[in-house]
Each structure stands twice: as C-alpha cells, then as structure tokens.
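1. I would like to see how this sequence folds:
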Amino acid sequence: MAQQSFSADWLQRLADPYAILGISVAADEKRLFKRYRTVAMRLHPDRFVQADKIAGAVAEQLIARTINPAYEKVKQEKNRAEVTALLRLQARRHTREGTLVPQSDIARELMRQPVHSADVFYEQAITALADRQFEDLSQFPEITQTLGELNLVYLQLKMGDLFREKRSGLISTAEVPTPPVAEVMQQQQTVAPTLSYSRRHFDRAQQYVQKCIYDKAIVELKDAIRLEPNHAEYHALMSYAYLRQDMSGMSKVYCRQALKFDPTNTLAKQVAQKIGLIAEATPTASKTTDEKRGLFSRFRR
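-> Residues are numbered from 1 along each chain as shown. This is a model prediction of the structure:
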C-alpha cells in the first residue's frame, strides 16, 4: 500500500467511518473515543522512526485522510445517527435489490447466523479484525472492506425489531393488528397473553444490548428471570451483558445457569468459550456441533 493508493476512488470505497475505525456500529461515544486513541497511538510518527519512510508516510496519510475524518463523522451523537441511518438505507437497498453478496468468509458466516445470536458473533468479529487492522498497513484496505461488509450484513439482520426468528416464539409486530379493547379484555379472561411479561422485559433487554446500554439491559433481565427463572435464553443474555460490563464473575454465574437449562444454547456456549468456562454437563459432540464452532476458533488459525 503506497501513497498513490489514496486516490478519490480508493477513499470512496472506504466510506464507512465505523469500518475505518474498526469498531461496531453500536458503539457509543466512550467506545469510539477509546478506539480512536488506540488507532492514533498505533499510527503515531514515533512508532515509525525505525521503519522505512514509506510506512511512516502511509501512516501519516491514514491518520490525515481516513482516521481523523472518520472520527469527526461519528464522535457526536447527531452526526453518528446520520451516518448510521445512511448505512441502514444502504443495507435496505441491498436487501431490496438482492445485491448484498459478501466477499469475505466471516461476513457470509454472519449472514447465516440466527438473529438472536448475531450480536455476539458480530461484536466478536469486529474485535478480532480490529486487532489486526493496523498491524500491517498493506492489509488495511482489505480488512477495512471486510469490516464494512460485516456492518452492512449486521444492519440487514437487525433491520428494525420486525425481524424475529419464528422458533423464538415471536412474530413481526406488523403481523399483529391491534384488536378492540373489548376483545382484548375478553381474550385475557380465556387465554394467556401471546407475549408474556417476562418476554417483554427480555425484548427491552435485547434492545438495550443492541445499543450497548448494558446496565439497563441487566435490570430488565433481572425482572424477566424473576418471572421465568428457568429460561435459558434470559440467563444467556444476562451472562453476555455482564461480560460486556467486565464482570466475569457474574457472567459465569448466569452462563452456568443458561447451560444448565439448555446445554445447546448458542449464546451461552459462545460466552462460555470467551470466559473460559467449562460446562459441567454438555451434550454428546456431533458433526453439527463441530460445524458451528464459535467465532474465536476461527480467528486463532
């Protein structure tokens, strides 16, 4: 990657500021600033004193022409919302036209993920790629384009709260017309509500997790677990929320509970792998299990 690579066309192809910075589209201001500082330190001129002049020049150009402009676009909430909205529109257009065909294996793998486990997979993929993004500057364009693919695939998967998996027991809100009050009252006397109170807490927790507001997600999940204490899905998401809060002890507690109630829970198994937890009881290994190994093993090659 030489200086002449910084053409207008090249810069246009790396137009996603989240991909340029190597961070999730769900990142808040604190995470963005921390990542920006990390990147700026890696590309600081002092780190290239002993390197060849070309590498130092490329690093200087990266900071001036990609990193700084990208951070300016997302460091403030208003601008960040506009950038994210544009990326969503792009993902929606690709969905409508059927033109989103990822070139990278990891983006294709994300596309195959069920919606409920896409968040963990996506965050892991972003973190793993970001760690390598600036190690070899010649790989920066390729890795950044892969990050951009991940962002579009993720936004496509999470395009509104209407996309739900049928096997989760939820359906699109667009498919549930609002009945008259009298009809609702009559149904409440004869059948259980379609959406339990615990599920409402869980849904709100999922929304908070998507926005990286983990403390509020934990509050909602506590209420959900209080109402339905034996639900593996609730414990798994709680474990993940605690993990993102750097509270590995609490994460292990809820991860064990999730695996106890459902040893095959995908999210719980991925968190267990991250925190080094060995489940006390796991199902017999199978070919299917091997094929669905967590993301971390993919990046340890």
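2. give the contact list for Gln257.
-> Contact criterion Cβ atoms under 8 Å, 6 or more residues apart in numbering gives Ala232, His235 as the residues in contact with Gln257. C-beta here means a position set from N, CA and C on the backbone, and glycine is covered the same way.
3. quick one: buried residues of the longest helix along the chain?
-> Here the longest helix in the chain is taken by residue count, with DSSP state H as the criterion, and it is helix 77-97. Neighbour-count burial for helix 77-97 flags Arg80, Val83, Thr84, Leu87, Arg88, Gln90, Ala91, His94 (criterion: 16 or more other Cβ atoms under 10 Å).
4. Show me how this structure divides into domains.
-> 3-157, 195-299 (automatic domain parsing).
5. circling back to that earlier point, relative to Ile225, which of the buried residues of helix 77-97 is nearest.
-> Compare each of these with Ile225 using Cβ to Cβ and the shortest gap goes to Thr84, at 31.0 Å.
6. rewinding a little: let's test this: mean pLDDT of the longest helix of the chain, rounded?
-> Taken as a whole, helix 77-97 has an average pLDDT of 89.
7. Same question for stretch 205-218.
-> Stretch 205-218 shows an average pLDDT of 89 in the prediction.
8. Repeat that for stretch 154-163.
-> The model assigns stretch 154-163 a mean pLDDT of 69.
9. Considering the domains of the chain, which stretch scores lowest in mean pLDDT?
-> Among the domains of the chain, domain 195-299 carries the lowest mean pLDDT, at a mean of 78.
10. and that domain, how far out from the chain's middle?
-> Offset of domain 195-299 from its chain centre (Cα atoms, centre = their mean, to the nearest Å): 15 Å.
11. try stretch 37-50
-> With Cα atoms, centre = their mean as the basis, the distance from the averaged C-alpha position of stretch 37-50 to the chain average is 28 Å.
12. buried set for that stretch?
-> In stretch 37-50, the ones that count as buried by 16+ other Cβ under 10 Å are Val39, Arg42, Leu43, Phe48.
13. which element is the first one on?
-> Val39 is part of helix 29-42, with elements assigned from DSSP states H and E.
14. So which residues make contact with that helix?
-> Contacts of helix 29-42 from elsewhere in the structure, counted by Cβ under 8 Å, 6+ apart, are 21-24, 27, 47, 63, 67, 71, 74-77, 80, 130, 134, 212.
15. ok, so what distance separates Leu152 from Arg96?
-> Going from Leu152 to Arg96 by Cβ to Cβ, to the nearest Å gives 13 Å.
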